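Engineer: below are the sequence and a predicted model for it; my questions follow.
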Amino acid sequence: MKPTITINVLLLLIITSIFSCKPSQYAFQKEAPLQITRAYFNNWTTGVKIGSVGVNIYFANLIPEQNITIDSVYFRRMKGKLHEGKGLYKSRLTKRLTNAEDNALTTTGFFPFKLGNRECAISYIENGVTKYYKVEYVAEKEGVYYPDGPPND
């Protein structure tokens, strides 16, 4: 009688764990309600006194459908808010800041995606739910040097 109870308990645990599984909240959408014609980035550095380095990332002609809000970009273990500009969305991602600036590193902590060196993820909000779309290729452009720090644009 003991083996039957053990088997029943084991089956109950397996069934419970199967039904309690839910899809990751960071799963990529196969199709996104947005269009991108081109994605590109350039590395940037600042003078020694400022001590920051990072990436500017751009999405040309990123056009979301109605009721879609473009939110953030995830690239090379960094995350940043996307801001709408003239015909594009952009974000300035910072890799390292000096201690004097009293800022946390954007490259530390939880990063929800495994992305290749030329891949990124865009988060967007659709009907109050945050969703993610993977961009398979981001082209690299020539780097930029900001002697006095990146501009506030």
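Structural biologist: Nice, thanks for sending it over. Residues are numbered from 1 along each chain as shown.
Engineer: for the most centrally placed residue in the chain, which non-adjacent residue is spatially closest?
Structural biologist: By Cα atoms, centre = their mean, the chain has its centre lying nearest to Tyr74, at 1.8 Å. Among residues not flanking Tyr74 along the chain, Ala121 sits closest, at 4.2 Å (Cβ to Cβ, 6 or more residues apart in numbering). C-betas here are computed from N, CA, C, even on glycine.
Engineer: residues near the one you found, how many?
Structural biologist: 18 (other Cβ atoms under 10 Å).
Engineer: what sits against it?
Structural biologist: Phe28, Val73, Tyr74, Phe75, Phe113, Leu115, Tyr132, Tyr133, Lys134, Val135 (Cβ atoms under 8 Å, 6 or more residues apart in numbering).
Engineer: return the member of these nearest to Pro151.
Structural biologist: Among the contacts of Ala121, Val73 lies closest to Pro151 (Cβ to Cβ), at 18.9 Å.
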